[in-house]
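# pasting the sequence and the predicted model now:
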Amino acid sequence: MIDPKVHEAALAPLLPHILAMTERVVSIDSGTYDAAGVNAVIDVWAGMLAEMGFTVDRKPLPGRGDQMTATLTLGNGPRLLVLGHADTVWPAGTVAQWPFSRDGDRITGPGVGDMKTNVVMALFTLRHLLGTGLKGLGAITVLVVPDEEIGSPQSRGWIEGHARDADLCLTLEPCRPNGGVVIGRGAVGALYVTATGVTAHCGSYRELGASAVSALAPLVAEFEALTDASRGLAATVGIFRGGAARQVFPGEAEIHLDLRAPDKAGADGLLAAARVIAERKPADPRVSIAITGGFGRPPFPTTPGTRTLYAWAEEACKAMGQPIHEVVARGGSDGSFAAGLGVPTLDGLGAVAHDTCSRRETVEVSSIIPRSAVLAHLITSAASGRKLA
């Protein structure tokens, strides 16, 4: 097994190339709903993986970009799954308003930290390792997900299918400031409540009209009262909208309720309580209610295998004099699908990022090579036959 500092020294000359490719993909608008943009980013990464000898397969999703599966069979040994995504939270046109730029040790731009820099550095790390004659792994599978930022609703089964065939999973969400690596996550869900009323001119009072907004408005406070910080439960109305004109009884209204819980029992209880509120019949019988959603991301448990992966990452950081600490995050990631199946999973293995999913999002340039070396150490540790649990 190679000393992490050796990986760090070998990767250091690649930093200009990593930054150049990062600028290239950050300069492409690739919001989840921009299929062409997502695919343009995947084109860049698929080309590099193909050059490394990976077999690349792409499956189009309706209304989204492609699911990209890149596989390299190496021989006997642990099967590695690497999870990344090409979509961002930013709509088309964002790049023109907020282009990639560098200021000292920080780079910025839409999706720079979540997670375009991270996928690029992982690809260069894999190329470095393969160039050293990497042996001891059975196979490496890289998945690039096109709909992660909306919870991967169309990709969950595909991810879980590959996770079931993997012995370990490394997930490329950003590293937290001061070296935070994710060893666990809670469950994340959403409930969508839609009311349909009867439109009419407001001058008719309530004789002809039935307000969809009036039916949902009382639910907001009730939903948010389900939050219990002492139990790690959170229910937040992120969207409440309805109506078409000031002088018209609103015929439609909707609530998007964000749900978070630390474990399956908490998630099941929180969802059941929210549904009781949502399913209550409106005071006006002319208003109908439709309910969809649930918990889309399972809890990410901290298993002995995850603890072992973290210990390996800690070894690398100690050798290089880099900070590291454990994080149990409230937000979900695609790593949750693998961890939920019991696959040893470590997350937060990208570059150190700040203020993700905001216009202040930045990446610490000085973190890119050390964090790439951590990734290299994790892969070579698995390849060397070290036991995960």
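All right, it came through fine.
# can you map out the strands along the stretch 101-250 of the chain?
Along the stretch 101-250 of the chain, counting by DSSP state E, counting those that start in this stretch, strands occupy 101-103, 106-108, 139-145, 168-171, 180-185, 187-196, 234-242.
# just the helices in the stretch 1-150 of the chain please.
Under the criterion DSSP state H, counting those that start in this stretch, the stretch 1-150 of the chain carries helices at the ranges 4-11, 15-26, 35-51, 94-97, 117-131.
# which one of these is the most hemmed in?
Of all these, helix 117-131 has the most neighbours on average by mean count of other CB atoms under 10 Å, namely a mean of 23. Every C-beta, even on glycine, is put in place using the N, C-alpha and C of the backbone.
# against residue 351, how distant is residue 365?
8 Å (CB to CB, to the nearest Å).
# more neighbours: the two, which one.
More crowded of residue 365 and residue 351, by other CB atoms under 10 Å: residue 351, with 27 against 20.
# next up, the contacts around the more buried one.
113, 117, 118, 121, 174, 175, 363, 364, 367, 368, 371 (CB atoms under 8 Å, 6 or more residues apart in numbering).
# can you tell me the centre-most residue of this protein?
residue 333 (3.7 Å; CA atoms, centre = their mean).
# give me the neighbour count for the nearest residue in space to it that is not next to it in sequence.
In space, and not counting its chain neighbours, residue 333 is closest to residue 173: 5.0 Å by CB to CB, 6 or more residues apart in numbering. For residue 173, the neighbour count with other CB under 10 Å is 28.
# my guess is residue 173 contacts residue 117. True?
No: using CB atoms under 8 Å, residue 173 is not in contact with residue 117; the gap is 11.5 Å.
# which neighbours do these two have in common?
Joint contacts of residue 173 and residue 117 (CB under 8 Å, 6+ apart) are residue 350.
# list the contacts for the nearest residue in space to residue 163 that is not next to it in sequence?
Of all residues not flanking residue 163 in the chain, residue 338 sits nearest, at 3.9 Å (CB to CB, 6+ apart). Contact partners of residue 338, counting by CB under 8 Å, 6+ apart, are 81, 83, 159, 160, 163, 166, 169, 171, 345.
# distance check, the nearest residue to the third one once chain neighbours are set aside against residue 203.
Sequence neighbours aside, residue 337 is the residue nearest to residue 159 in space, at 4.8 Å (criterion: CB to CB, 6+ apart). Residue 337 is 53 Å from residue 203, where distance means CB to CB.
# same check on residue 369?
Distance of residue 369 to residue 203, given as CB to CB: 68 Å.
# who's more crowded, these two?
residue 369 (23 against 8).
# can you report how many residues lie near the closest residue to residue 243 other than its chain neighbours?
Once flanking residues are discounted, residue 243 sits nearest to residue 250: 3.5 Å by CB to CB, 6+ apart. As a burial measure, residue 250 scores 23 neighbours (other CB under 10 Å).
# dihedrals phi and psi, residue 250?
Residue 250 adopts backbone torsions of phi -70, psi 120, taken as degrees, to the nearest 10.
# hang on, it packs against residue 217?
No: counting by CB under 8 Å, residue 250 sits too far from residue 217 to count as a contact (10.4 Å).
# and for the closest residue to residue 364 other than its chain neighbours, the neighbour number?
Nearest residue to residue 364, sequence neighbours excluded (CB to CB, 6+ apart): residue 352, at 4.4 Å. By the criterion of other CB under 10 Å, residue 352 has 25 neighbours.
# do residue 288 as well
Per other CB under 10 Å, the neighbour tally for residue 288 reads 14.
# from the contacts of residue 338, list just the buried residues.
Among the contacts of residue 338, those classed as buried by 16 or more other CB atoms under 10 Å are 81, 83, 159, 160, 163, 166, 169, 171, 345.
# mind putting those residues in TSV, pLDDT included?
As requested, those are exported to TSV (pLDDT from 0 to 100):
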residue	pLDDT
81	98
83	98
159	98
160	98
163	98
166	98
169	98
171	98
345	98
